[in-house]
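Engineer: Fold the following and give me the result.
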Amino acid sequence: MSNRPIFVATHPRSCSTAFERVFMTRRDILQCVHEPFGDAFYYGPERLSSRYENDEKARLDSGLAQSTFCTVLDRIEKEAAEGRRIFIKDIIHYLVPPNGAPPSIAPSLARKERGVGTFEPFSNVVANGVKLAPYPYATEPELRNPTVVPSEILGKFHFTFLIRHPRYSIPSYYRCTVPPLDEVTGFYNFMPSEAGYDELRRVFDYLRVIGHVGPKIASHDIHMNGSTDSNANELDICVVDADDLLDDPAGIIAAYCKSVGIGYDDRMLSWDSEEDQKHAQDAFEKWKGFHEDALNSRDLKPRKYKKKAKSDEEEDREWLEKFGAQGAKVIRQTVNANVKHYEYLKQFTLTA
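Structural biologist: Purely as a prediction, here's the structure:
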């Protein structure tokens, strides 16, 4: 089983922080890195997001205004040097240009030819004082790669995926971008492009096509190509649905651990110590307001009753009451636009 860094790729509000807290209990073997690529996506000179494009003060105040995709990867590499296996949970659209824009490799990760057979990382030019412009970059894309990260680097990670039905995640995310919570999060408007499902699906499919994951589906006996070749890629197609996790935490976490090569222990489902709480507070500090439920939790227990889906009419009435007519309209449009991506990924989910 590979010991390469685990990358849990997800979309916003996927119950991912509760999932992450489970693995924060394994500080004996894991070094958890919380959403590092958002630094470059929102604030740095290679930023892909327009959220803070007209707010230089916010970018500077973040302390992350010099973060590039290269500096984020450098940080991960330094964390790995401590000897424990890296466990990253991150929003995958941080690696993908928004709104379906054509991708090209981030300048700090691009390589330019300098003589026959030698290449120099573009990051060296940045270090010499050349200021990077935000996206679009004046760099070349990689064939079929939807991200700004070279496939060679993507291949260093053990990718897994975490999903949640958009009828739950989208209104939860919308709530973080309107009063009163927006004053805490610093996200003052809802951007449908940040839903993240389309990007998650495209990255998922790309990793399958180039052989970085699959063809075997985690916890299943068959491969996507119908074969049972024991010599296939050791990295399963591993997709976790948040509702399955909440209904059966022990079963899903045990199955997930088997897929990624972590020894499962029931004690991973409890984090009631002062040390556990302090560790989580420090990790989640930079994204205030988004992780309060997980921060205030002490364990992950199966919910007593499975969540019953409401009709569209019931959901619309609930969203209208909570967020007003315009909010309910935007939420419904965003949910409807992303259900197809969720249902596509759902077919690959592991089972306990």
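
Engineer: For the rest of this, base every contact and every neighbour count on C-alpha atoms.
Structural biologist: Noted.

Engineer: would you list every one of the helices in the stretch 51-200 of the chain?
Structural biologist: 56-61, 69-80, 122-127, 151-154, 166-175, 182-185, 197-209 (DSSP state H, counting those that start in this stretch).

Engineer: want to throw those into a markdown table with mean pLDDT, mean neighbour count and distance to Ser50?
Structural biologist: A markdown table is the format used below for the helices of the stretch 51-200 of the chain (pLDDT from 0 to 100; neighbours: other Cα atoms under 10 Å; distance: least, Cα to Cα, whole Å):
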| stretch | mean pLDDT | mean neighbour count | distance to Ser50 |
| --- | --- | --- | --- |
| helix 56-61 | 94 | 13 | 11 |
| helix 69-80 | 95 | 17 | 17 |
| helix 122-127 | 39 | 15 | 22 |
| helix 151-154 | 96 | 13 | 24 |
| helix 166-175 | 97 | 21 | 17 |
| helix 182-185 | 94 | 16 | 16 |
| helix 197-209 | 98 | 20 | 17 |
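
Engineer: Any chance of those in a markdown table with distance to Asp241 as columns?
Structural biologist: Listed next are the helices of the stretch 51-200 of the chain as a markdown table, based on distance: least, Cα to Cα, whole Å:
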| stretch | distance to Asp241 |
| --- | --- |
| helix 56-61 | 34 |
| helix 69-80 | 26 |
| helix 122-127 | 37 |
| helix 151-154 | 23 |
| helix 166-175 | 12 |
| helix 182-185 | 25 |
| helix 197-209 | 13 |
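
Engineer: which phi and psi does Val240 have?
Structural biologist: phi -110, psi 130 (degrees, to the nearest 10).

Engineer: before we move on, back to that, so for Val240, which of the helices of the stretch 51-200 of the chain sits nearest?
Structural biologist: helix 197-209 (12.9 Å; Cα to Cα).

Engineer: which helices and strands does that closest one pack with?
Structural biologist: On a contact count with 3 or more Cα pairs under 8 Å, 6 or more residues apart in numbering; DSSP states H and E, helix 197-209 meets helix 312-346.

Engineer: and the helix it packs on with helix 166-175, angle?
Structural biologist: For helix 312-346 against helix 166-175, the angle by axes from the mean of the first three to the mean of the last three Cα atoms, to 10 degrees is 110 degrees.

Engineer: tell me the angle helix 312-346 makes with helix 197-209.
Structural biologist: Using the same axes, to 10 degrees: helix 312-346 against helix 197-209 is 20 degrees.

Engineer: Number the residues from 874 up from this point.
Structural biologist: Noted, 874 is the first residue going forward, which turns the last one into helix 1185-1219.

Engineer: For helix 1185-1219, name the packing helices and strands.
Structural biologist: strand 1031-1036, helix 1039-1048, helix 1070-1082, strand 1112-1114.

Engineer: how about low-confidence regions in this structure?
Structural biologist: Residue ranges of the chain with pLDDT under 70: 874-875, 985-1006, 1095-1106.

Engineer: redo that, cut-off 80
Structural biologist: Where the chain drops to pLDDT under 80, the residues are 874-875, 984-1006, 1094-1107, 1167.

Engineer: Helix, strand, or coil at Asn876?
Structural biologist: coil (DSSP: H, G, I helix; E, B strand; the rest coil).

Engineer: give me the beta-bridge partners of the closest residue to it other than its chain neighbours?
Structural biologist: The shortest distance from Asn876 to any non-neighbouring residue, by Cα to Cα, 6 or more residues apart in numbering, is to Arg958 (6.7 Å). Residues in a beta bridge with Arg958, per DSSP bridges, are Leu903.

Engineer: quick one, which of the helices of the stretch 924-1073 of the chain is nearest to Ser1184?
Structural biologist: helix 1039-1048 (10.5 Å).

Engineer: Compute the inter-axis angle for that closest one and strand 1031-1036.
Structural biologist: Going by the same axes, to 10 degrees, helix 1039-1048 makes 90 degrees with strand 1031-1036.

Engineer: what are the ranges of the strands in the stretch 874-1023 of the chain?
Structural biologist: Secondary structure of the stretch 874-1023 of the chain (DSSP state E, counting those that start in this stretch): strands located at 879-883, 903-907, 958-964, 984-986, 992-994.
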